[in-house]
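Engineer: coordinates for the following, if possible.
(one chain, ligands or ions: 1)
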Amino acid sequence: MSDIRFGTDGWRAVIADQFTMENVRIVAQAIAHYTIENQQQQQGIIVGHDTRFMGRAFAQEVASVLAANGITAYLVNEPTPTPVVAFGVRHFAASGAVMITASHNPPHYNGIKYIPDYAGPATNPITIRLEQLIHQVQQKREVNRISLEEAASKRKLQYIYLRPHYEAHLRRMIRFDVLRGAALHIVVDAMHGAGIGYVSTILKENGLKVTTIRDYEDPMFGGELPEPNDKHLAELKEEIRHARADLGLANDGDADRFGVVAADGRYIPPNQVLALLARHLIKNRKQTGRIVRTVATTHLLDRIARQHGLDSVETPVGFKYVGTEMMAGDVLIGGEESGGCSIMGHIPEKDGILTNLLIAEMCAWEKKSITDILAELHGEYGEFFSTRLDLKTRGNSEWLNQIREKPPVQIGSYEVRGVDQKDGIKLQLDNEQWLLIRPSGTEPLVRIYCEAGSLEELGGLQETVSDWFRDLHDDE
Ligand SMILES: O=P(O)(O)OC[C@H]1O[C@H](O)[C@H](O)[C@@H](O)[C@@H]1O
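Structural biologist: Residues are numbered from 1 along each chain as shown. Sure thing, here's the model as predicted:
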C-alpha cells in the first residue's frame, strides 16, 4: 500500500510510480468523505490543474469521484494557477478545491494540493485528517466513481472559467491607475506553467511594453525546473539584456511563487522583494498592519516593521502558517524566503501573479528602477545578506534529535545567544546574525539558512556552519 502524505504543501509523487490514477481516486474519495463529514457537500468543490503531464486527465478523474459522492465538481476549463483556483473557492463559496500540481518540482512529478473553504493552504489538522481518511479508503478499497457524462447529466459537473473573476479582483488589489502607461519594458517568463498569459496580458492591457518568454505549455518545462530562482532564470536574464528591458518577472509551474530580475540581469532574492514590497505598501500606499514572515525569512522585515511601529510575526516554514496569521487579521504583508507572498485584502495563499504586479506597480509609482529602489531601501533600513544551502542527507535524522535535545552553546567562534525550535532549530548569534537548520517538508534535503549584516560575515558564518553540520552528520 502506498504511503500518501501531505508534506509542507500537499502530496507530491512521481507520475506512474506513486502518482497513479488509482491513488488520485483514493485521495479524491478521502476528500469527498472529509467534505461530507464537515457537512459541506452542498457547496461543491473546484478542481484545478496546471500544465503538468496528464494534469487534465487527473483532474477529470477527481471530478468523477466527487460527483459519484454527490458533490458538484467545478472543473476549470484550462490550466489554472493555484492562487486563481484558491481565489475561485472564495468567489464561488465552494467547500474547497483540489489542485493537481507538483508546483516547481521536476517534470516527472505531479501532486495534489487541497485548498479548504478559506481559500488558503490546508492546515496541519486538516491534512492529518485527510491522511487518516486516505488510509481508511485504502483499507476498505471503496472508491465511488461515475463517468463525466453521467456526472454532467446529474448536474454534478460544471465547467468554470476563473480568469475573468480573478482579474476583476486584481483590479481591486493592484493600483492599475499607477501602472497604466508606465514607461517600463518588462520581460515576463511563465516558465511554461499555468501562469501563462496572466501577468503579461494585464501589463499589456495597461499599456506597458511586454516581451514574453516560455509562454507556451510544455510538460517538460523546456528541460529546466519550473522554479523561478537564480539558478533557473538564465533565459529570462538573457532576454532582459538582449531586449534592454527594465525588469523581468517570472512565475513557477503553478504561479504561486514569483521571481524578479533587475535590468542588469541580477536576480533579486525573495527576501529583498518582500522587503521592497513591505516598504512600498507602507511608504507609498500608506497602509499599515502586521508583517508576517517564516522563520527562514529575512529579519530585515522585522526592522522595517519596527521603524514604522508595526508588529512582526514569525511562523514555521510553509505558507499555511502565514495564511493562518492572515486569517486572524490585520496582516499587511505575509511572505517567505522561498518566493511566497500575499497582502491585505487578498486570499491567505501565496500568489506569484499578484506579487509580480505589485513589483511593477512599485516601479511605476516611484518611476525608478528596482535596483535604485533597493539601494534606497538599504540606505533607510540597512542591509542583510542571506543564503540557503540545500544538502542531501542519508535519511536518518538522529542528528536533528540530538541538537534539538541539546542545542549547541557555541558553533566555531560564534556564541549562541538564543534558540528557537518552532521549525528545525534556529540559533540566534551576535550582531543580529542567525542560522536555521531544518529538514525540508517537500524534498529529501536538509536546508541550512544563514543571515548576517555583511558579505564577509555571511561567508564566515556559512563556512563554520557547513563544518559543524558535516561533523554532526558524520557522527551518526
Ligand atoms: O522547505 P520546504 O519544507 O521544502 O518548503 C518549501 C516551500 O514548499 C512549498 O512550496 C510551500 O508552499 C511553501 O510554503 C514552502 O516554503
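Engineer: please make it C-alpha for all contacts and neighbour counts, starting now.
Structural biologist: OK.
Engineer: ok, whichever residue of the stretch 251-400 of the chain sits closest to the ligand - contacts?
Structural biologist: Of the residues in the stretch 251-400 of the chain, the one nearest the ligand is Gly318, at a distance of 3.2 Å by Cα to the nearest ligand atom. Residues counted as contacts of Gly318 (Cα atoms under 8 Å, 6 or more residues apart in numbering) are 8-9, 294, 336.
Engineer: again, only this time at 6 Å
Structural biologist: Taking Cα atoms under 6 Å, 6 or more residues apart in numbering, we find Gly318 in contact with Thr8.
Engineer: pLDDT score assigned to it?
Structural biologist: You'll see Gly318 listed with a pLDDT of 95.
Engineer: state the distance from it to Met173.
Structural biologist: Gly318 sits 23 Å away from Met173, going by Cα to Cα, to the nearest Å.
Engineer: next, count neighbours for Trp11.
Structural biologist: Residues near Trp11, counting by other Cα atoms under 10 Å, number 21.
Engineer: my bad, Glu238
Structural biologist: Going by other Cα under 10 Å, the residues that sit close to Glu238 add up to 13.
Engineer: which parts of the one helix or strand it maps to are buried?
Structural biologist: For Glu238, the host element (DSSP states H and E) is helix 234-243. For helix 234-243, burial by neighbour count (16 or more other Cα atoms under 10 Å) applies to 236-237, 239-241.
Engineer: what's the farthest-apart pair in the residues you listed?
Structural biologist: Greatest spacing in the buried residues of helix 234-243, by Cα to Cα: Leu236 and Arg241 (8.7 Å).
Engineer: overlap of the contact sets of the two?
Structural biologist: By Cα under 6 Å, 6+ apart, no residue touches both Leu236 and Arg241.
Engineer: what is the burial count for Asn271?
Structural biologist: Neighbour tally, Asn271, other Cα under 10 Å: 24.
Engineer: cool, Ala168 as well?
Structural biologist: Ala168: 10 surrounding residues under other Cα under 10 Å.
Engineer: can you tell me how far it is from His91?
Structural biologist: Taken as Cα to Cα, the span from Ala168 to His91 is 11 Å.
Engineer: same check, this time on Leu276
Structural biologist: For Leu276 relative to His91 (Cα to Cα), the value is 29 Å.
Engineer: the more surrounded of the two?
Structural biologist: Shown here are Leu276 and His91; by other Cα under 10 Å, Leu276 has more neighbours (22 against 14).
Engineer: show me the shaky parts of the chain.
Structural biologist: For the chain, applying pLDDT under 70 flags the ranges 1, 394-396, 474-476.
Engineer: can you list the domain ranges for it.
Structural biologist: With domains defined by automatic domain parsing, the chain comprises 11-163, 174-381, 385-474.
Engineer: possible to save those as a markdown table with distance to Ser2?
Structural biologist: Formatted as a markdown table, the domains of the chain follow (distance: least, Cα to Cα, whole Å):
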| stretch | distance to Ser2 |
| --- | --- |
| domain 11-163 | 7 |
| domain 174-381 | 25 |
| domain 385-474 | 17 |
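Engineer: which neighbouring elements make contact with the longest helix along the chain?
Structural biologist: Assignment by DSSP state H gives helix 455-474 as the longest helix of the chain. Here helix 455-474 touches no other helix or strand, going by 3 or more Cα pairs under 6 Å, 6 or more residues apart in numbering; DSSP states H and E.
Engineer: residues in contact with it?
Structural biologist: Applying Cα under 6 Å, 6+ apart, the set of residues contacting helix 455-474 from outside is 412, 452.
Engineer: ok, of the buried residues of helix 234-243, which one's closest to the ligand?
Structural biologist: Checking these against the ligand by Cα to the nearest ligand atom gives Leu236 as the nearest, at 21.3 Å.
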